[in-house]
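1. sequence first, predicted coordinates after that:
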Amino acid sequence: MRELIDLIYFLFPLFIATTVPLSIVALGGLFSERSGVVNIALEGIMIMGGFIGIIAMRALIENTELNLQIIAFIGLFTGATFGMLYALAHAFASITMKSNQIISATALNMFAPAMSVFIARTFWNTSNLNLMGNYTISKVPILGDIPIVGQLFFTNAYLSTYIGIIIFIVATAVLYKTRLGLRIRSCGENPHAADSLGVNIYRVRYIGVLISGALAGMGGVIFVLSFATRFSGSVAGFGFLALAVLIFGQWHPKKIIFAALFFATMRVIADTYSVIPGLNMIVMPREIYRMLPYIATLVVLSFASKRSRAPRAVGEPYDPSKR
Amino acid sequence: MAFVIEMLNITKEFPGIKANDDVTLQLKQGEIHALLGENGAGKSTLMSVLFGLYQPEQGIIKVRDKEVVIKNPNDANDLGIGMVHQHFKLVHNFTVTENIVLGYEDTKKGFLQLDNARKRIKELSEQYKLRVDPDALIENISVGQQQRVEILKMLYRDSEILIFDEPTAVLTPQEIQELMKIMKRLVSEGKSIILITHKLNEIKAIADRCTILRKGKYIDTVEVKSTSNEVLAEKMVGRKISFGVEKTPAKPKETILKVEEVSITDYITQKIVVKNVCFEVKRGEILTIAGIEGNGQTELIHGITGLKPLTKGKVILKEQDITALSIRQKSLSGISHIPEDRQKHGLVLEYSLENNLILQNYFTTQFQNRGFFKFDNIRDHAEKLIERFDIRSGKGPLSQVRSMSGGNQQKAIVGREIDRNNDLLIAVQPTRGLDVGAIEFIHKQLIQERDQGKAVLLISLELDEVMNLSDRILVMYEGEIVGEFDPQKTTENELGLYMSGSKRGKQQ
Amino acid sequence: MKLKTLGSQIVKKVAERPSTISVSASVLAIIAGLFVGFIVMLIINPGQAFAGLRSILFGPFSDMEGGRSLGNTIYYAVPIILTGLSVAFAFRTGLFNIGATGQLTIGAFVAVYIGVNWAFLGPLHWIVAVLGGMLAGAFWGSIPGILKAYRNVHEVVSSIMLNYIAMYTVTMLIKQTIFNATSARALAPETTARLPQWFLGDVFPRSSINIGIFIAMILVVITHIILNKTTFGYELKSVGFNRDASQYAGMSEKRNIILAMAISGGIAGVAGAVMFLVTGRFMSIENHLMAEGFTGIAISLLGLSSPIGVFLAGLFYGALEIGGFYLQRTTNFVPQIIEIIIAVIIYFSALSLFLQKFVANFLSKRLKKEVQISEGSDVL
Amino acid sequence: MKKLFVLFVAMFIVLTLAACGGSEVETYEIAMITDAGDIDDESFNQGTWEGIVAYAEENNISHRYYRPAAVSDADYIATIDLAVSAGAKVVVTPGFLFEVAIYQAQQDHPDVMFILIDGVPHAGDWDGNIGDNTVSILFAEHESGFLAGYAAVHDGYTELGYMGGMAVPAVVRFGVGFVAGALYAANEAGVAISFPNDRYTYLGDFDAKDSHKNEALAWFSLGTEIIFAAAGGAGSSVMSAAEDSGNKMIGVDVDQSSISPTVVTSAMKGLGAAVQQVLAQFYADNFPGGELLIKNASEDGVALPMDTSRFATFSQAQYDSIHGRIASGAVSVPENYTELIAFLNAIGQTTAIVEGTIHP
């Protein structure tokens, strides 16, 4: 029993650590797609946001004496800002220029890693930007002393976990409880209806794509802070996984959290099977463990997709004359 | 008399076409002003200009004698102009309330105040007798209710000038009566109405004045009371037209199609949409199924042609049970099908005309050999049909269908289906959205088919068409056949009562 | 005088074709991409920017001793043409095959496995290996097809998942079957299984070119014929353009989706086979998705999703790749500059609708005529 | 917009024409070709390059690196040809992937000198053939791993783990040496250490990512106190795990102590020094062509950075002692599983690690 509790205390933060970047980026994708713009550029935006965020943090660490958590916060904010700027390119192509949304996103995905490595090499002579410091919060005062909950949520946690929870609540509230959310959802389903009621489709879609850029950019920084001590031009395919989580979650915030949690759980279990009683007894090539999360997702999808519907107008540039 | 709206010398161009050419429209305070014209005459464009969806190249708009520029629907809304669009502008997975407040939301500290809106909507629907459930999802309510939502949208915005774009197309005669009452009530409370329509009797029944457009040009504005139907019609079409369709009495022969106890359950909503429907269509007759949109006609035809599976029942074609056959096999066993939605089902818009004309028989040896197309035959076939059915387009067989007009798209489908020379022709709303000329043409084709001994099954929402073309009429309501009529012995009103479910006959 | 009118008539004929406009839009996109790349070089190191641009532009002619750079241009283009073709074929049938990477990996493994083990096939060896790769890719591609047709699973998610599953499966299978433990990678295929060079080895000595280019050409022609000349292609495209109308016309939507994905996967599988059925290239067991599948998406889009367009775009990509390689001889730029240029080209090709309008306006002014704009349609 | 575009096209055409003009091509005497990794892989590419840069800058010699267009023998050969055409007099290639390419190149370019690190040229048949214009340098990574394992156990760590990137020869040697060193020290100190079979693994790639961090965290949670990560960039994820859980790790190839306080020490191999040494011989006209140089403890090819290491008890004296014993051959460090078992038998130790784990 004691072991089981310890196991949970051990695994839970890992589930959360993987769930947070996945779900934040997927929520970003949600805003873009609910407003009617497909965003497969999440990977590229994560890389761009992560890159600039890490540069900012390195500069702060070198030149200031700020608390690491404050630096992390500034890093997340910088990543979000530049993610947003980068997403602007996608918004311009797909909304103003009415381009094929997959092409411009593919370009963004190619550009980001090349550009980040190019810049890093040109200015720092290396593509590996190391980041000193331990960004975990060992224990949140007061809250960390609460039995069980304190242990699960408020010790050895990342700042990003709390930001992630806040983002989830805010995102859900924005989407379902505010004027902007109502308009975003209407633009993804029936832009002609929204247009006839004076909603500026272009503006709303820009906002949707920019929100996705901000969240994906932040997700890029979170990825680096959570899983490595440096940035080297890659986020290990998390952007694409987040896209999968978005579709898996059927374009719905709560389902996205569950999809992300499911996928993250499978992924963590696949990597930590050695500590899990039962699993560690089975002798299997590690590749089989590694592919389990993907297979499990496929299986779940094939049972859960029957009624899945993308937002009706997603992927189509808005053309007021086609009505 | 003061004008509330003046649209003076409006010109609006789209690439290659002048949709409005020097058009003027003046709306008086408290009147119902009809805007008459055929499909494609520029009525909707003119109203879209007034509503801020388009900017005119020339001309000015005055509201209450003040010149205004209406850049978007918000401006129109601020000026008290509201519009019920012909194709409802509703978000299918939003609630009634959400649809009504969209674009005109009341917020407090950034959060939507839907409770207030709901209360207001309830009040308005009481006041104007427009009953709807504020919390129902649009996809779950009837077309009539959806129209009420559209009207509520305008009332919710306190619009003073109301534009109705072809509002009766989807309603029963009774619902039309109801709508007219609502419109009169609105006018009596000081609102002004523009009614867009191509139906003369509606204008006669309700409008005070009427502005007529033809091919984008302004023709005339007349007092309705002092103008006869014939004059209105001539002004609208530009030539004398005959009302009614010439045809000889039917000579029905043996049964071609027999539908036995067919029921269909919708897969997604799990609702029963067609219930125990039975009927027969005979060689040499036109059988029409009338009814309001959304009462199961679409699903019934999809069931017969195989686009939707039957939950129960049999379809028998020429004494052969075809229930279990695939769509392709059904089609080959002798069904021609002019589908309801030409752009959704009838055509591949990205394909050329000639490729669309072989959509139903590209696989026959006439057009292919071992899987390779015989391009010469395809071209010949296309040229033959273009000639025979007068299909007009920019580049003949090579025209991209998307670039063709609705009427010519429909002619292409009608031509394709008739050319297949099958014993059964199913035509679902074959004239929807077409101008008078095209309607006449298609009606003639249908009657000709009947006279050549084909069985014709027609689905129509337009009572005029139903009365004029049919040899027998079935009325469908909520998935059931609720009555059978002889067009010679019934009236539009009687049909309307059955269509709205107020009356129902014996089960067959 | 007569000749002149004839000439202008030909010009007019060519200019009026919608394909002319979309192609010139792609060309403009390429120019824009190169221009941006040049600006970047100019900012980083103005002194070498011109030399850099020249290297990139004339990359295929950098090392003409025996036509090596020209031969290698083609050699690098082949897998990209094939993955581009794979993605384009799916696009034309309304599917987004983001899973070419996985199909390529599986195809490569099966081809190499046959290449290592089935030497008894003699002269047929390499043919069987390529076909094996194709079948394996087709099998892998059909999985998202089946899941979409019968379970409504979005092909983008299932393909992303299958990319990773393919990667781990192949790593595992290599370790268990054709592993070279000394260097921790797959064994080399037998000489009989490697793609022959035929006369190409004499035309382009010292280059790595092999008959892969002919395989690519054959597949380009076959897909072009399937898509444009056959009832099968007619059905596939119909389903892609308008699912409802295809159903109405009695086509089997499910069958077409599965077949389209299988064919798309099969082409990607061939790409995997030609990549690794060569001398001195070995399948790695490193857990990396192969980039060629993703590059294929870009190339398919640049080639306007038409087989012949993809072929040309693929060759162009090969030229850029080789240009980037020889850029190292003349300048000090970080090699990633080439990837930046390609990304910018792809981005501008996304703006092709705008560019097409630009070209159309330009031409219509010249010819005083309405010119029709096609949206990413078949070039030929 | 339109005018801008015309301007833009026109400008481009002008530039293209300008680009056609000739210009002087610079030459570079020392060339390095990167293998599958890039110049900053924090592994042998980077170590080699740093050695070249250090030597070249000190002696003011032109130098640069080249990246092949793809990972294959033909591409390597083409890249070597490119380097030679750009004036290379000496070409340095790190990694055994170059063995076949150098075999070819040493014949194609008899006037150019080649330095092959971590490999011996052969024609694809593993039959080594070092040309007169080639020097092969091999490192005794097992000795470096041995030092790390030995130091860790003497420093009081009793639960150890090893994470390699992929089972390439150098990484395998690091692992084998590490196991041997740990058990040798345990025997010496008379302590029992834990190094079970499932604490020895190859990650499958050299990337920093969540999977590697989670796996390291799992090991730490099971009681592992220190992990030796011979995994390039993936080491960064192990570091991150060590930071989060308050544990330690050992770096590889170069001194990694500055990246994270969790790095107790690093199992270094003197890539840079070896490259500099051979380059110096080349410029002093005594290039050891045809030789196979084995850089081991006796040649100062492998070491622990004692100045920056964060040992609690392991002392410089202890280090000097064990280093001396290896250098003198008193301790013969095993480099594969068979040798490992023999080595352990000789000192009366056993290991739970099976052959399939070390040589997958």
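-> Arrived safely.
2. hang on, A:Leu129 packs against A:Ile52?
-> No - the pair A:Leu129 and A:Ile52 fails to qualify as a contact (C-beta atoms under 8 Å) at a distance of 10.6 Å. For every residue, glycine as well, the C-beta is placed using N, CA and C.
3. which one's more surrounded, these two?
-> A:Ile52 (25 against 19; other C-beta atoms under 10 Å in any protein chain shown).
4. could you look up the SS state of the more buried one?
-> helix (DSSP: H, G, I helix; E, B strand; the rest coil).
5. swap in D:Gly290?
-> coil.
6. neighbours of it, how many?
-> Neighbours around D:Gly290, by other C-beta under 10 Å: 14.
7. distance of the nearest residue to it once chain neighbours are set aside relative to D:Gln256?
-> Using C-beta to C-beta, 6 or more residues apart in numbering or on different chains and skipping residues adjacent in sequence, the residue nearest D:Gly290 is D:Asp132, 4.8 Å away. According to C-beta to C-beta, to the nearest Å, D:Asp132 and D:Gln256 sit 38 Å apart.
8. which residue of those two possesses the greater neighbour count?
-> Neighbour count, other C-beta under 10 Å: between D:Asp132 and D:Gln256, D:Gln256 has more, with 25 against 11.
9. was I right to think that one contacts D:Ala267?
-> No - at 9.8 Å, D:Gln256 and D:Ala267 do not qualify as touching, with contact defined as C-beta under 8 Å.
10. ok, residue 108 - contacts?
-> I'll assume chain A. A:Leu108 makes contact with A:41, A:44-45, A:86, A:89-90, C:343, C:347 under the criterion C-beta atoms under 8 Å, 6 or more residues apart in numbering or on different chains.
11. chain D, not that one
-> Contacts of D:Asp108 by C-beta under 8 Å, 6+ apart are D:77, D:80-81.
12. now, which of those residues sits nearest chain B?
-> D:Ile77 (46.3 Å; C-beta to the nearest C-beta).
13. strands along the chain, start to end?
-> Defaulting to chain A. Taking DSSP state E as the criterion, chain A carries its strands at A:129-130, A:136-139, A:155-158, A:230-231.
14. ah, I was thinking of chain C
-> Here chain C has its strands, by DSSP E, at C:179-180, C:185-186.
15. contacts (any at all) between chain A and the last one?
-> Yep, that's strand C:185-186 we're talking about. No - if you take C-beta under 8 Å from any C-beta of the partner chain as the test, strand C:185-186 misses chain A, and the best it gets is 14.5 Å.
16. what lies in contact with that strand?
-> C:112, C:116, C:174, C:178-180, C:276, C:282-285.
17. for the stretch 1-150 of chain A, which residues are neighbours of chain C?
-> Counting by C-beta under 8 Å from any C-beta, the stretch 1-150 of chain A sits next to chain C at A:40, A:89, A:93-94, A:97-100, A:102-104, A:106-111, A:113-115, A:117-118, A:121-122.
18. which residues of chain B score low on pLDDT?
-> B:1, B:16, B:241-245, B:506-508 (pLDDT under 70).
19. okay, which residue is most central for it?
-> Closest residue to the average C-alpha location of chain B: B:Arg432 at 4.7 Å, with C-alpha atoms, centre = their mean.
20. circling back: let me know the closest of the contacts of A:Leu108 to C:Phe204.
-> Closest to C:Phe204 out of the contacts of A:Leu108 is C:Ala343 (29.3 Å), distances taken as C-beta to C-beta.
21. the closest one contacts A:Ala105, correct?
-> No - if you go by C-beta under 8 Å, C:Ala343 and A:Ala105 don't touch, sitting 11.2 Å apart.
22. those two: which is more packed in?
-> More crowded of C:Ala343 and A:Ala105, by other C-beta under 10 Å: A:Ala105, with 31 against 25.
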